[in-house]
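*Asks:* Give me coordinates for this.
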Amino acid sequence: MAQPPILSLEGLALQQGGKWLFGGPDNDPLDLHIGPRDRLALIGRNGVGKTTLFKLIDDRIEADKGQRKVKPGTRIVLLEQDPDLTGYSTLMDWALAGEHAPAEHEIESIAGQLGIDMSRDASSASGGEKRRAAIARALAQEPDLLLMDEPTNHLDLGAIDWLEGWLDRYKGAFVVISHDRTFLKRLTRATIWLDRGNLRRKEVGFGGYEAWEEAVYAEEARAAEKLDAKLKLEAHWLERGVTARRKRNQGRLEKLWQMRAQRASMIANAGTAKLKLATEEDFKSKSVIVAENITKSFGDRAIIKPFSLRIQRGDRIGIVGANGAGKTTLLKMLTGELAPDSGKVEIAKTLTGVMIDQQRQLLTDDKTVRQVLAEGGDWIDVRGSRKHVQGYLKEFLFDPKIVDMKVAVLSGGERSRLLLAREFAKASNLLVLDEPTNDLDLETLDLLQEVIADYEGTVLIVSHDRDFLDRTVTITLGLDGSGKVDIVAGGYEDWEAKRRAPVASKAKTAKAEDKPAPPPPPAPKSTKLSYKDQRDYELLPARIEELEAAISKGETILSDPDLYTSDPQKFANISKGIENARAEKDAAEERWLALAEMVEG
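*Replies:* Numbers count the residues shown, from 1 in each chain. Model (predicted):
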């Protein structure tokens, strides 16, 4: 039986900077109902108001119109991206501050699981330490509704796994903003999408979001044609390029699978390269970085045990592992910034690198976007091609009108995107990215994947974003903290599969593991549908919309906090109807998606 919501936002409208962010004359008022066990992904581009919506839910700001209703006794906790620790001596001092501070032993218990020392000096704590402290503080408060703004930023893989396990067991509701696709797919059961001032909801986890998004835009396109408003829509459609971009990315993924299969045939157990090209000289001529038996220790601890690798032109290398495992040390040795204790690294003399780090320290607030990109001019040289600065901004999903805005007014995500635009313009044949996905929205991540895929040089990536690595790299270097470096043809999931293989089967499959399994084959070509399948494919979208409308109508009725008391039978009947409608809708969506895969390949 569906339960009444613990929080509702009804008819909300909000102005910021003289413009309507939600509601207003051009958009519907914002309505949102959150149930006691909801697991919601909040999706939307940078700047659409996701963090502002969190502040409305948490009652930190008031809307210009509408009302906020909360079930009495509901505890709401907001996990912010950048908590203000000013004025606190230690992380624990900050965690214990506030009206509803949890007990110190509860914070310590969670902090221990996350590997953070809460006695750490607050002023000198790193981004990762602050994030762990904030998570410990938030979870220890035992919220009924947990709001999480980019919870996996600055976390390593071990901490992300622990947080996923905690949330999987969590009995309350949560809403999460995140660019981590794997995190969202594993945990969310419904999606709320903030787009152009409107909020949509669909009872499907993030795994079904992209198909839903494309269906919405396709329907808008059809409606626009009927209303003779096509030109207005095309500006938005072309800016996003949803369908075209996804089709291009599918082609890039097929190419990536082929590259992985080719590299798999070259990787031997010890990480040296097998000769599969015409001649040894031909193979060596394509190498840009060659590491031979390199090692590194700090004191008595071995960070990198004897390790060899030959990196070729065009390789995309992902480096993964827990914080402190040695990722940055390995990266610095491969790029020549740090000498190994033993062994040697040979780097091609023609290699010219560009480093994009996670600190975003290359931008100054007082400069304009034009000054950052084009030194104040109208044109920018992009790897040998001359482009107008405003046209280049559009390639990185910016409104060209921002060209004379100061960097100081840009959001964190926009700054990250601007830095990517500047660095990718430089002539180079080696690209080094250190945690490039922090502060980027999902669309910018898609764009970054495109740029990396089209980059003609070699790429080295340190990242904790599992989905991003699966979509971009040909080889993964996995560090387990013992000093050993696994070399796997493929992405993060391929490394995980190797790590989790049963110990008993290793001896039997040792020979097979010398050559990693090939990546999945490209999607099958379109299949002709039967008459019944074709009818279902055409009619199911309308039926799904009818069911969604019925569910929405029922939920609106159930949002009346007095209904359960005044008419319990009506409450039960409507709840049962919603339950049945959701079951039918889920089945219809699965059926339609299966048919769509047959049609579109």
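*Asks:* quick one: Lys401 from Arg370, how far?
*Replies:* Using C-beta to C-beta, to the nearest Å, Lys401 is found at 12 Å from Arg370. Placement of C-beta: from N, CA and C, glycine included.
*Asks:* who's more crowded, those two?
*Replies:* In terms of neighbours (other C-beta atoms under 10 Å), Arg370 is the more surrounded of Lys401 and Arg370; the figures are 19 against 9.
*Asks:* Gln371 belongs to a strand?
*Replies:* No - secondary structure of Gln371 (DSSP: H, G, I helix; E, B strand; the rest coil): helix, not part of a strand.
*Asks:* Tell me the buried residues in stretch 573-582?
*Replies:* By neighbour count, with 16 or more other C-beta atoms under 10 Å as the criterion, the buried positions of stretch 573-582 are 574-575, 577-578, 581-582.
*Asks:* How many residues are close by Leu40?
*Replies:* Quick note: Leu40 (other C-beta under 10 Å) scores 22 neighbours.
*Asks:* Give me the secondary structure label for it.
*Replies:* For Leu40, the assignment made with three-state DSSP gives strand.
*Asks:* That one: what's its closest spatial neighbour, skipping adjacent residues?
*Replies:* The shortest distance from Leu40 to any non-neighbouring residue, by C-beta to C-beta, 6 or more residues apart in numbering, is to Val175 (4.5 Å).
*Asks:* Test my guess that Glu589 contacts Leu547.
*Replies:* No - the criterion here is C-beta atoms under 8 Å, and Glu589 misses it with Leu547 at 9.3 Å.
*Asks:* chain center to stretch 569-582: distance?
*Replies:* 35 Å (C-alpha atoms, centre = their mean, to the nearest Å).
*Asks:* can you point me to the longest helix in this structure?
*Replies:* The residue-count maximum for a helix in the chain (DSSP state H) belongs to helix 568-600.
*Asks:* Check which helices and strands it sits against.
*Replies:* helix 531-558, helix 563-566 (3 or more C-beta pairs under 8 Å, 6 or more residues apart in numbering; DSSP states H and E).
*Asks:* Would you tell me which of the ones you listed gets closest to Ile110?
*Replies:* Using C-beta to C-beta as the measure, helix 531-558 is the one of those that comes nearest Ile110, at 33.4 Å.
*Asks:* out of the buried residues of stretch 573-582, who's nearest Gly457?
*Replies:* Checking the buried residues of stretch 573-582 against Gly457 with C-beta to C-beta, the nearest one is Arg582 at 49.3 Å.
*Asks:* Now do the closest one against Val175, distance only.
*Replies:* Using C-beta to C-beta, we find Arg582 at a distance of 19 Å from Val175.
*Asks:* got it, and Ser428?
*Replies:* Distance from Ser428 to Val175, by C-beta to C-beta: 40 Å.
*Asks:* And the two? Which one has more around it.
*Replies:* Taking neighbours as other C-beta under 10 Å, Ser428 and Val175 compare with Val175 leading, 25 against 19.
*Asks:* so what does the helix or strand encompassing the more buried one touch, helix or strand wise?
*Replies:* Secondary-structure assignment from DSSP states H and E places Val175 in strand 173-177. Using 3+ C-beta pairs under 8 Å, 6+ apart as the contact definition, the elements that strand 173-177 packs against are strand 39-43, helix 50-57, strand 145-149, helix 181-187.
*Asks:* Contacts made by it with the rest, please.
*Replies:* For strand 173-177, the external contacting residues (C-beta atoms under 8 Å, 6 or more residues apart in numbering) are 6, 34-42, 50-51, 54, 57, 144-151, 167, 183-184, 187-188, 192.
*Asks:* on that earlier part again, can you say which of the helices and strands packed on helix 568-600 is packed in most?
*Replies:* With neighbours taken as mean count of other C-beta atoms under 10 Å, those reach their highest mean count in helix 531-558, at a mean of 15.
*Asks:* on that earlier part again, any of the contacts of strand 173-177 buried? List them.
*Replies:* Burial of the contacts of strand 173-177 was assessed by neighbour count (16+ other C-beta under 10 Å); the buried members are 6, 34-36, 38-42, 50-51, 54, 57, 144-151, 167, 183-184, 187-188, 192.
*Asks:* how much space between the spatially closest residue to Phe571 that is not a sequence neighbour and Asn580?
*Replies:* The shortest distance from Phe571 to any non-neighbouring residue, by C-beta to C-beta, 6+ apart, is to Tyr564 (4.8 Å). Counting by C-beta to C-beta, the separation of Tyr564 from Asn580 is 19 Å.
*Asks:* again with Tyr531
*Replies:* Here Tyr531 is placed at a distance of 28 Å from Asn580 (C-beta to C-beta).
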